[in-house]
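Visitor: generate coordinates for the sequence data below:
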Amino acid sequence: MALYRFRVTFEDYDDVSRDIDVKSNQTFEDLHKAIHQSTGYNPEYPSSFYISNDQWMKGEEITYMPNQKRIDRKIPLMEKIKLSSFIDDPHQKFYYTFNFDRPFDFHVELMKIILDEAPGTTYPAVVRSVGEAPKQFGNVFNPEIAASADAPNEDFDFLNEMAYNHDDADDFSEVTESGDDEEEKKVDDEEEEDEFGFGDDAEFEDEDKPGRDDY
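Guide: Below is the predicted model of the structure:
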């Protein structure tokens, strides 16, 4: 059985790449899951491959977990389409978008065709991995982090409890500090008035003080 060796790179992170060997009779879904086995992402998000030219322009779409619009358009499903059905070029390219809600875009290029399988190897197989996959908005599946998030937190998080986000924290502190300054200024003014005798008792008039008519 022939093997396809694909090089998968992030569109926005050229220093991160994966080389993946896939059997020619395996599906686009197999490649989709192999990519995210290599990145550490949870593959269970709506995604699509697009047949691409050398300029990475999107052509025919092959999708995973389609929305109703894609279902109505009868977009082919990854699980039903073999990779060999769309390999027309020795350097065939696919543009791949993972997770439409918060997408990562990839370039997938066929690097070579290998005629013989390696004995004892399970395919798809990641044969080369360069760089660490970027993390973004919970796309990364990390069981340890998930378990930690589920654990009860005994500490009272004031900002979270009061529905503030962390970006609001600076604004909140500015308001608090400004309010403290106003209060301190008010106290200082009152103390200054008392020192010179112009406090609450300064409203009386000295009846013994000679008036202007006495001169």
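Visitor: going forward, measure contacts and count neighbours with C-alpha atoms only.
Guide: Noted.
Visitor: tell me if I'm right that Val130 and Val16 touch.
Guide: Yes: in terms of Cα atoms under 8 Å, Val130 counts as a neighbour of Val16; the distance is 5.4 Å.
Visitor: these two - which one has more neighbours?
Guide: Val16 (17 against 11; other Cα atoms under 10 Å).
Visitor: any idea how far that one is from Pro124?
Guide: In this view, Val16 and Pro124 are 19 Å apart by Cα to Cα, to the nearest Å.
Visitor: same question, Met65
Guide: Taking Cα to Cα, one finds Met65 at 21 Å from Pro124.
Visitor: likewise Ala118?
Guide: Counting by Cα to Cα - Ala118 and Pro124 are separated by 12 Å.
Visitor: between the two, which has more neighbouring residues?
Guide: For Ala118 versus Pro124, neighbours defined as other Cα under 10 Å are more numerous around Pro124 (21 against 10).
Visitor: who's the closest residue to the more buried one other than its chain neighbours bridged to?
Guide: Distances taken as Cα to Cα, 6 or more residues apart in numbering put Val22 closest to Pro124, at 4.5 Å, once the chain neighbours are dropped. Taking DSSP bridges as the rule, Val22 bridges to Tyr4.
Visitor: how near is Val22 to Asp101?
Guide: Taking Cα to Cα, one finds Val22 at 27 Å from Asp101.
Visitor: so those two - more neighbours on which side?
Guide: Val22 (26 against 9).
Visitor: which ones are touching that one?
Guide: Going by Cα atoms under 8 Å, 6 or more residues apart in numbering, Val22 touches Leu3, Tyr4, Arg5, Phe6, Leu31, Tyr123, Pro124, Ala125.
Visitor: do you know the pLDDT at the first one?
Guide: The one in question is Leu3. For Leu3, the pLDDT comes out at 97.
Visitor: hang on, it packs against Ser24?
Guide: Yes: here Leu3 reaches Ser24: they are 5.5 Å apart, a contact under Cα under 8 Å.
Visitor: who has more neighbours out of the two?
Guide: Using other Cα under 10 Å, the more surrounded residue of Leu3 and Ser24 is Leu3, with 21 against 18.
Visitor: distance check, that one against Ala34.
Guide: 14 Å.
Visitor: next one: Tyr13
Guide: Applying Cα to Cα to Tyr13 and Ala34 gives a distance of 19 Å.
Visitor: can you point me to the longest strand in this protein?
Guide: Longest strand of the chain, by residue count under DSSP state E: strand 104-114.
Visitor: pLDDT below threshold where in the chain?
Guide: Along the chain, segments meeting pLDDT under 70 span 136-215.
Visitor: go again using 90 as the cut-off
Guide: Counting by pLDDT under 90, the chain contains low-confidence residues at 1, 88, 135-215.
Visitor: what is Ile51 paired to in the beta sheet?
Guide: Per DSSP bridges, the residues bridged to Ile51 are Phe94.
Visitor: distance of it relative to Pro90?
Guide: Distance, Ile51 to Pro90, using Cα to Cα: 14 Å.
Visitor: before we move on, what about Ser38?
Guide: The gap separating Ser38 from Pro90 is 24 Å, by Cα to Cα.
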